[in-house]
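# next one to model:
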Amino acid sequence: MESKEKLIEKLFTQGVLVTKDLLEKIEAGENKSLMNKLETEEDMLVLTNDYVTLLEDDGKLIDWYEMDKYRVDFEKEGDKDLYQSQLQQFRSVSLQGASANQDISKTEVHSMEMELKKEGAEVSFEDSGEIFSDKLVENENNPLLEQEAEQEVEVSYKVIVNFEHTAKKYSVKDFSNIFRTRYKYLERVIRAHPEMKGVTSISRILQKKEKEACAIIGVVFDIALTRNNNYIITLEDLTGQIKVIVSQKNKEVFEQAKELIFDEVIGVVGSNSGDIMFASEFIWPDIPQGKEVKKAPVEEYAIFLSDIHVGSNNFLEEEFQKCINWLKAETGSDKQKDLASKVKYIFIAGDLVDGIGIYPNQYKELTILEMKGQYKEFTKFIKQIPTDKKIFICPGNHDVVHLAEPQSVFYKEYTEELHEMDNVHLVSNPSMITIAKTENFSGINILMYHGYSFDYYVANVDSIRNNGGYNRADLIMKFLLKRRHLAPAFKSTPYLPAFDEDPLLISQVPDIMISGHIHYSSVANYKGVTTICGSCWQSKTEFQEKLGHNPEPGRVPVVNLKTREVKVLRFV
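The predicted model follows:
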């Protein structure tokens with residue numbers, strides 16, 4: 001066993017501090033597998049005995065930053081009962097089916113990708129894939145492919161959110177209505193947080209003459225950094241504006257301030273002094289703790305695709321056909337064909353075709369130079385899929401619909417054949433679909449959003465840009481779920497102000513959130529929500545090369561709706 005000094009040095013290089021009693025246990029030979037597990041937990045800062053119990057259970061989904069917050073609160077306040085209850089709550093959240101020797105990683109998971117080969121070939125499992133996630137559960141025994149008795153499954157679904165609108169002339173009032181309805185909804189969500197007890201309006205804070213503790217909820221109007229490196233955040237609500245000071249001396253809150261973006265709705269706890277406020281904590285709407293991981297009563301599967309880009313000379317036609325052939329159970333081993341037969345739902349999150357005029361000189365990279373031709377070619381592939389599989393398709397920024405969000409259903413003029421297919425359901429972007437619904441099971445809610453706003457957050461949020469950027473869709477989706485909005489910064493996507501309420505609010509917490517756009521597959525869990533970014537079926541374009549994008553095509557996330565396990569199939 002390594003010496004104590006070498007252990008400390010090894011842990012320190014990983015950015016982990018360890019308690020003295022635990023260090024002695026490791027040095028004595030206990031917790032032999034602990035070091036291997038620590039290598040995959042790059043967001044862990046301090047290792048304690050309590051954390052070891054969480055690490056030892058491979059099926060647990062832990063946000064270590066959040067766990068550290070509860071531990072620090074316990075050390076400050078001494079509320080042991082509250083801390084232990086939080087530990088218990090983290091232990092209760094898991095994805096089932098994990099084996100004892102699995103490898104769980106936040107930043108890099110060697111995913112078990114299944115390469116489909118010729119008829120009768122054995123499954124080839126490779127460690128070539130890099131899937132970035134908070135907690136992606138892998139299982140070397142691959143329960144997705146275990147044979148089970150044949151059973152008839154009635155496919156049940158319901159499109160519960162689908163945006164339709166009638167064109168009209170919009171006014172400033174329509175745009176202001178977006179912000180008002182957004183604020184009113186998120187204000188109610190934030191007000192429910194226990195930290196916001198005693199919340200009051202900004203106008204009442206400005207009337208106070210004595211310094212006292214206070215809490216407000218507002219929209220971020222401006223963000224500035226002073227010469228002394230302190231943040232000044234201007235917040236506004238329906239009653240007025242106030243400047244909120246965030247001191248660099250309060251490191252935790254200062255780091256939170258770096259995550260702020262224009263137009264988002266947040267809660268602030270602190271104290272007032274005249275016409276300004278000093279922040280001691282920020283509160284986001286967020287996903288409620290302890291969300292149930294809903295599981296269907298019957299074993300059936302959903303797969304998630306995006307960014308097909310038919311019509312591009314970089315379209316991976318052979319590989320996409322390989323995926324279609326698998327869905328038809330015409331290729332792969334018997335187990336792989338059995339898996340294909342149990343796929344009942346297919347989601348395609350936008351960019352079916354490459355479009356025309358999307359970026360400079362795009363026409364030089366097109367094989368089909370008109371839109372109807374591109375959609376006709378795409379439909380040829382979709383028509384090959386067995387009709388027992390329900391297909392849900394939303395548009396993306398390359399598709400021939402208006403760019404402003406929410407994007408309406410595909411125009412029938414260009415996609416008439418898709419509109420006529422009984423097993424194809426064309427929906428808006430975003431949309432919400434319930435699947436696997438039975439008489440005794442409410443179903444699993446899927447939030448589908450192409451992800452056009454993602455570019456803004458990669459460019460403007462340091463924690464996303466510096467931790468993988470376009471390769472970390474999981475960080476972007478976590479960022480948006482925390483804010484309960486698909487495009488909290490108004491500049492992040494064009495808006496269509498045609499609705500009574502802000503249509504990009506995440507008012508109903510989904511079970512699964514699916515996106516695309518960035519051409520890099522990602523699977524993660526955030527507070528019980530499975531976040532999945534589809535891959536793509538297009539090799540790197542010259543435009544992507546200039547932007548520094550590194551796509552990873554031909555990956556297909558597959559979800560077992562009965563266990564909520566996620567696997568990634570590789571076709572490239």
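# grab the nearest non-local neighbour of Ile324.
Once flanking residues are discounted, Ile324 sits nearest to Gln384: 5.1 Å by CB to CB, 6 or more residues apart in numbering. Quick note: C-beta positions are derived from backbone N, CA and C, even for glycine.
# one more: Thr434?
Gly443 (4.0 Å).
# Met432 versus that neighbour, what's the distance?
Applying CB to CB, to the nearest Å, the value for Gly443 to Met432 is 11 Å.
# Arg564 too?
Counting by CB to CB, the gap between Arg564 and Met432 amounts to 18 Å.
# repeat that for Leu186.
18 Å.
# so what's the predicted local confidence for the residue nearest to the spatial centre of the chain?
Central residue check for the chain by CA atoms, centre = their mean: the C-alpha nearest the mean position is that of Met477, 3.1 Å away. Listed pLDDT for Met477 reads 98.
# ok, and what's touching the helix or strand it falls within?
Per DSSP states H and E, Met477 falls inside helix 473-483. Applying CB atoms under 8 Å, 6 or more residues apart in numbering, the contact partners of helix 473-483 are 132-134, 259, 264-265, 284-287, 451, 453-454, 457-458, 461, 463-464, 467-468, 486-488, 506, 513, 515, 518, 520-524, 526-527, 529, 531, 533.
# what's the following helix or strand after that helix?
Where DSSP H and E defines the elements, the next helix or strand beyond helix 473-483 is strand 512-515.
# how far does that next one sit from the chain's center?
6 Å (CA atoms, centre = their mean, to the nearest Å).
# what is it packed up against?
strand 343-349, strand 444-448, helix 473-483, strand 529-533 (3 or more CB pairs under 8 Å, 6 or more residues apart in numbering; DSSP states H and E).
# now do the third one against strand 444-448, angle only.
I take that to be helix 473-483. Interaxial angle, helix 473-483 versus strand 444-448 (axes from the mean of the first three to the mean of the last three CA atoms, to 10 degrees): 110 degrees.
# dump helix 473-483 to CSV, restricted to CA.
What follows is helix 473-483, C-alpha atoms only, in CSV (Å, rounded to 0.1, in the frame of the first residue of the first chain):
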residue,chain,number,x,y,z
ALA,A,473,-24.6,19.3,-23.6
ASP,A,474,-25.4,17.9,-20.1
LEU,A,475,-24.0,21.1,-18.5
ILE,A,476,-26.1,23.2,-20.8
MET,A,477,-29.3,21.3,-20.1
LYS,A,478,-28.6,21.3,-16.3
PHE,A,479,-28.1,25.1,-16.6
LEU,A,480,-31.5,25.5,-18.3
LEU,A,481,-33.3,23.1,-16.0
LYS,A,482,-32.0,25.0,-13.0
ARG,A,483,-33.5,28.1,-14.4
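# off-centre distance for that helix?
Helix 473-483 sits 5 Å away from the centroid of its parent chain (CA atoms, centre = their mean).
# over to stretch 461-472?
On CA atoms, centre = their mean, the centre of stretch 461-472 falls 13 Å from the chain's centre.
# please enumerate residues in contact with that stretch?
So stretch 461-472 is contacted by 107, 130, 132, 258-259, 261, 457-459, 475-476, 479, 518-520, 522, 548-550, 552 (CB under 8 Å, 6+ apart).
# any low-confidence regions in the stretch 1-150 of the chain?
By pLDDT under 70, the low-scoring segments of the stretch 1-150 of the chain are 1-4, 11-15, 21-22, 25-45, 54-150.
# and for Phe543, the neighbour number?
By other CB atoms under 10 Å, the residues close to Phe543 number 14.
# show me the shaky parts of the chain.
For the chain, the ranges with pLDDT under 70 are 1-4, 11-15, 21-22, 25-45, 54-155.
# at 80 instead, please
Applying pLDDT under 80 to the chain picks out residues 1-155, 166-167, 543-549.
# looking at it, which helix is longest?
The residue-count maximum for a helix in the chain (DSSP state H) belongs to helix 172-191.
# gap between the residue lying farthest from the centre of the chain and Phe278?
The C-alpha centroid of the chain is most remote from Lys209, which lies 44.1 Å away (CA atoms, centre = their mean). The gap separating Lys209 from Phe278 is 16 Å, by CB to CB.
# tell me who's in contact with Ala224.
Contacts were defined as CB under 8 Å, 6+ apart; by that measure Ala224 touches 231-234.
# let's see it at 10 Å
230-234, 243 (CB atoms under 10 Å, 6 or more residues apart in numbering).
# for Ile160, state which of those residues is nearest.
Closest approach between the contacts of Ala224 and Ile160, by CB to CB: Ile233, at 35.9 Å.
# can you list the strands that the lengthiest strand in the chain pairs with?
Secondary structure of the chain per DSSP state E: the longest strand is strand 213-225. Sheet pairing for strand 213-225, assigned by DSSP bridges, gives strand 231-237 (antiparallel), strand 265-273 (antiparallel).
# mind exporting the shortest one as CSV, just the C-alpha atoms?
Looking back up the chat, that one is strand 231-237. C-alpha atoms of strand 231-237 as CSV (Å, rounded to 0.1, in the frame of the first residue of the first chain):
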residue,chain,number,x,y,z
TYR,A,231,-20.3,42.5,-8.9
ILE,A,232,-23.1,45.0,-9.2
ILE,A,233,-26.3,43.2,-10.3
THR,A,234,-29.3,45.3,-11.3
LEU,A,235,-32.5,43.5,-10.6
GLU,A,236,-36.1,44.5,-11.4
ASP,A,237,-39.5,43.3,-10.6
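# beyond it, next helix or strand please.
Counting by DSSP H and E, what follows strand 231-237 is strand 240-246.
# so what touches the helix or strand just after that next one?
Of the helices and strands lying after strand 240-246 in sequence (DSSP H and E), the nearest is helix 251-258. For helix 251-258, the external contacting residues (CB under 10 Å, 6+ apart) are 68-69, 72, 223, 225, 229-233, 244, 246-248, 250, 266, 268-270, 278-284, 461-463.
# what residues sit buried inside helix 251-258?
Counting neighbours by 16 or more other CB atoms under 10 Å, one finds that the buried residues in helix 251-258 are 253-254, 256-257.
# can the residues you listed go into JSON lines with extra columns for distance to Glu377?
Shown next, in JSON lines, are those (distance: CB to CB, whole Å):
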{"residue": "Val253", "distance to Glu377": "53"}
{"residue": "Phe254", "distance to Glu377": "52"}
{"residue": "Gln256", "distance to Glu377": "48"}
{"residue": "Ala257", "distance to Glu377": "49"}
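# which one among those residues gets closest to Leu305?
Comparing the buried residues of helix 251-258 against Leu305 with CB to CB picks out Gln256 as the nearest, at 35.8 Å.
# who's in contact with the residue farthest from the centre of the chain?
272, 274.
# confirm that it sits in a helix.
No: judged by DSSP: H, G, I helix; E, B strand; the rest coil, Lys209 forms no part of a helix; its state is coil.
# how near is it to Phe543?
58 Å.
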